[in-house]
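J.: based on what follows, work out the 3D shape:
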Amino acid sequence: MPALLPRPSILSIEPYVGGESKIPGVNRIVKLSSNEGAFGVPPGAQQAYAAMAAELHRYPDGGATALREAIGRRFGLDPARIVCGNGSDELIGALVMAYGGEGTELVMSAHGFIMYDIAGRYAGCRVIKVPERNLTADVDAMLAAVGPRTRLVFLANPNNPTGSMLPAAEVARLRAGLREDVLLVLDSAYAEYVTRPDYDPGTALVDAGGNTVMTRTFSKVFGLGGVRLGWAYAPAHVIDILNRVRGPFNVNAPAMAAGIAALAEPGWVEKSVAHNDAWRAKLSEGLRALGIAVHPSEGNFILADFGTAERAKAADAALKARGLIVRAMAAYSLPQALRITIGTAEECGMVQDALAGFMRGA
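T.: Residues are numbered from 1 along each chain as shown. This is a model prediction of the structure:
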């Protein structure tokens with residue numbers, strides 16, 4: 001053992017592993033492992049990003065003023081209560097470091113986004129994973145798990161990787177059951193894909209009090225996962241804390257330019273959501289007809305359940321043999337399942353054909 005050691009909680013972290021993107025010996029790869037948008041990068045965002053090439057020697061605006069104003073216009077929010085980050089992951093980590101730490105607890109659902117667990121351990125929190133009900137966060141169980149040392153509760157809504165969603169009334173009930181000194185963080189990375197009328201991404205609860213934060217991302221429907229761009233909407237006093245602890249130039253200039261352009265791309269979100277609604281339903285129905293259990297999803301992905309870990313591994317191998325990369329879920333304690341991003345119509349058809357062959361034993 002080396003003489004120089006980190007805090008013990010650091011050694012309990014398993015490094016985050018992103019979705020695979022290559023298969024040795026396979027030329028054409030269809031990547032459906034990271035929930036990236038089906039249509040790639042908006043044309044306007046591509047142009048805005050390229051136009052920054054001659055300005056790369058300049059430091060970006062540390063306050064992301066123009067981007068915050070564009071977000072505010074798009075979503076009807078006060079730009080002063082928005083902070084931008086190098087992906088929403090950065091902001092999640094900053095919140096945990098600022099409000100958690102040694103001797104505190106972070107509560108999350110059992111199959112919630114793994115970065116909450118990683119950030120909590122990094123900060124020294126005790127991370128409590130609460131059992132779910134039908135792969136959906138259980139509000140009563142989460143409230144029961146809150147103790148005197150709890151300082152943070154995280155809820156991904158819709159949840160990654162299960163795709164489940166809590167209606168606005170249930171999220172409000174969760175907030176109402178928490179103490180004033182507990183920060184509720186609503187991770188709404190997939191908010192744009194939700195079309196149900198009983199959904200709120202978190203805006204209402206942020207506006208209603210001083211202890212809720214909503215995080216959002218450009219990595220999904222806006223097609224900008226490669227530039228790492230996220231944002232949070234929060235009470236003024238939380239924004240003040242985030243601005244104290246974030247890096248001074250944490251969002252790069254090309255990313256900001258691309259983000260502003262993506263927000264303004266005519267019809268992009270509408271086209272993406274309509275495609276997702278149609279093909280999420282078609283692929284889910286197609287796989288169920290093959291005898292594969294598919295859980296209801298409100299995101300741009302589905303969770304296919306093969307019953308056993310061995311069966312899921314075999315299905316994953318069958319997909320890879322055809323150049324199709326999906327996401328194995330063992331890291332989320334769902335080894336029997338594969339998460340499949342909703343890609344283009346052609347890509348969804350390829351997944352269904354490959355799994356049809358697998359189920360036939362071909």
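J.: quick one: contacts of the helix ranked longest in the chain?
T.: Across the chain, the helix with the greatest residue count (assigned by DSSP state H) is helix 268-289. Where contact means CB atoms under 8 Å, 6 or more residues apart in numbering, the residues beyond helix 268-289 that reach it are 37-39, 42, 192-193, 195, 221-222, 262, 294, 297, 300, 302, 304, 340, 342, 345, 348, 351-352, 355. (Glycine included, C-beta is placed from N, CA and C.)
J.: need the contact partners of the helix or strand following it.
T.: Remark: after helix 268-289, the chain's next helix or strand is strand 293-295, criterion DSSP states H and E. Residues outside strand 293-295 that contact it (CB under 8 Å, 6+ apart): 135, 162-164, 283-284, 287-288, 302-307.
J.: the residues you listed, buried ones only, as a PyMOL selection?
T.: The PyMOL command for the buried members of those (criterion: 16 or more other CB atoms under 10 Å) is given here:
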select buried, resi 135+162+163+164+283+284+287+302+303+304+305+306
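J.: residues touching the residue nearest to residue 167 when sequence neighbours are not counted, list them.
T.: Nearest non-adjacent residue to residue 167, counting by CB to CB, 6 or more residues apart in numbering: residue 198, 4.0 Å away. When contacts are counted by CB under 8 Å, 6+ apart, residue 198 is found next to 167, 168, 169.
J.: from the residues you listed, pick the one nearest residue 228.
T.: residue 168 (29.1 Å; CB to CB).
J.: how many residues are close by the closest residue to the closest one other than its chain neighbours?
T.: The shortest distance from residue 168 to any non-neighbouring residue, by CB to CB, 6+ apart, is to residue 200 (4.0 Å). Using other CB atoms under 10 Å, residue 200 has 19 other residues around it.
J.: distance of residue 200 from residue 312?
T.: According to CB to CB, to the nearest Å, residue 200 and residue 312 sit 34 Å apart.
J.: what of residue 323?
T.: In terms of CB to CB, residue 323 sits 19 Å off from residue 312.
J.: the two: who's more crowded?
T.: Comparing residue 323 with residue 312 by other CB under 10 Å, the one with more neighbours is residue 312, at 22 against 15.
J.: which element, helix or strand, includes the more buried one?
T.: Going by DSSP H and E, residue 312 is part of helix 309-321.
J.: that helix - contacts with which helices or strands?
T.: Judged by 3 or more CB pairs under 8 Å, 6 or more residues apart in numbering; DSSP states H and E, the packing partners of helix 309-321 are strand 327-328, strand 337-341, helix 345-360.
J.: what are the buried residues along the longest helix of the chain?
T.: 268, 269, 272, 273, 275, 276, 279, 280, 283, 284, 286, 287.
J.: quick one: pLDDT of the third one?
T.: Spelled out, that is residue 272. The score at residue 272 is 98. That number is its pLDDT.
J.: can you check the last one too?
T.: Taken from the predicted model, the pLDDT recorded for residue 287 is 98.
J.: which stretches in the protein count as strands?
T.: 30-31, 82-85, 105-109, 126-130, 150-156, 183-187, 212-217, 230-233, 293-295, 301-305, 324-325, 327-328, 337-341 (DSSP state E).
J.: out of those, which gets nearest to residue 22?
T.: Using CB to CB, the strands of the chain put strand 324-325 closest to residue 22, at 8.1 Å.
J.: and for that closest one, what's in contact with it?
T.: Outside strand 324-325, the residues within contact range by CB under 8 Å, 6+ apart are 19-21, 23, 29-33, 319, 347, 350-351, 354.
J.: many thanks, have a good one.
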